[in-house]
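> any chance you can model this:
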Amino acid sequence: MTDAALDRAFAALSDPVRRAIVARLSRGPATLGELAEPFAITLQAVSRHISVLEDAGLVWRTREAQRRPVHLDAAALARLTSWIDRYRLDAEAAYARLDAVLAASGSDITHTNKE
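As a prediction, this is how the structure comes out:
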């Protein structure tokens, strides 16, 4: 995934409405009207949010007669997760090394993962 693609995806996900739309789409495709239901914003505003998510490559639309359902691109989310995991795993390995050094030195202070 290119830096520009990552920038677009993370910028798109920085908005709480767009994150809520992604969460809804994780349960299956939905129309613009269905996506707009939980929000006190116009259909036009929801459409703009969908456009941002489309530009980021996170969602796509199909045409079914008069309907234009929006679909979540699970592969795009997997690429983001993979990018994040690479750095998470590096950080966890560094903490594991630090824990080993502290344990070898007899220190009772060790790293704890707080979630």
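> which parts of the protein are strands?
With DSSP state E as the criterion, the chain has strands at 59-61, 70-72.
> quick one: mean pLDDT over stretch 23-39.
Averaging pLDDT along stretch 23-39 yields 96.
> with stretch 51-63 instead?
Per-residue pLDDT over stretch 51-63 has a mean of 97.
> quick one on the thing from earlier: could I get the strands of the chain as CSV with distance to R88 and mean neighbour count?
No exception for glycine: its C-beta is placed from N, CA and C like everyone else's. Formatted as CSV, those follow (distance: least, C-beta to C-beta, whole Å; neighbours: other C-beta atoms under 10 Å):
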stretch, distance to R88, mean neighbour count
strand 59-61, 25, 18
strand 70-72, 22, 19
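> just the helices in the protein please.
3-13, 16-25, 32-36, 43-55, 74-104 (DSSP state H).
> right, and these - which one's nearest E64?
helix 32-36 (13.0 Å; C-beta to C-beta).
> any idea how far that closest one is from the chain center?
Taking C-alpha atoms, centre = their mean, to the nearest Å, one finds helix 32-36 lying 20 Å from the centre of the chain it belongs to.
> what's the answer for stretch 31-40, then?
The chain centroid and the centroid of stretch 31-40 are separated by 20 Å under C-alpha atoms, centre = their mean.
> next: stretch 74-88.
Distance of stretch 74-88 from its chain centroid, counting by C-alpha atoms, centre = their mean, is 9 Å.
> would you mark the buried spots in it?
Neighbour-count burial for stretch 74-88, counted by 16 or more other C-beta atoms under 10 Å, picks out 76, 79-80.
> of all the strands of the chain, which lies closest to I41?
strand 70-72 (15.8 Å).
> the closest one packs against which elements?
Secondary-structure packing of strand 70-72 (3 or more C-beta pairs under 8 Å, 6 or more residues apart in numbering; DSSP states H and E): helix 16-25, strand 59-61.
> Throw those into TSV and include distance to A4, thanks.
TSV is the format used below for the helices and strands packed on strand 70-72 (distance: least, C-beta to C-beta, whole Å):
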stretch	distance to A4
helix 16-25	18
strand 59-61	18
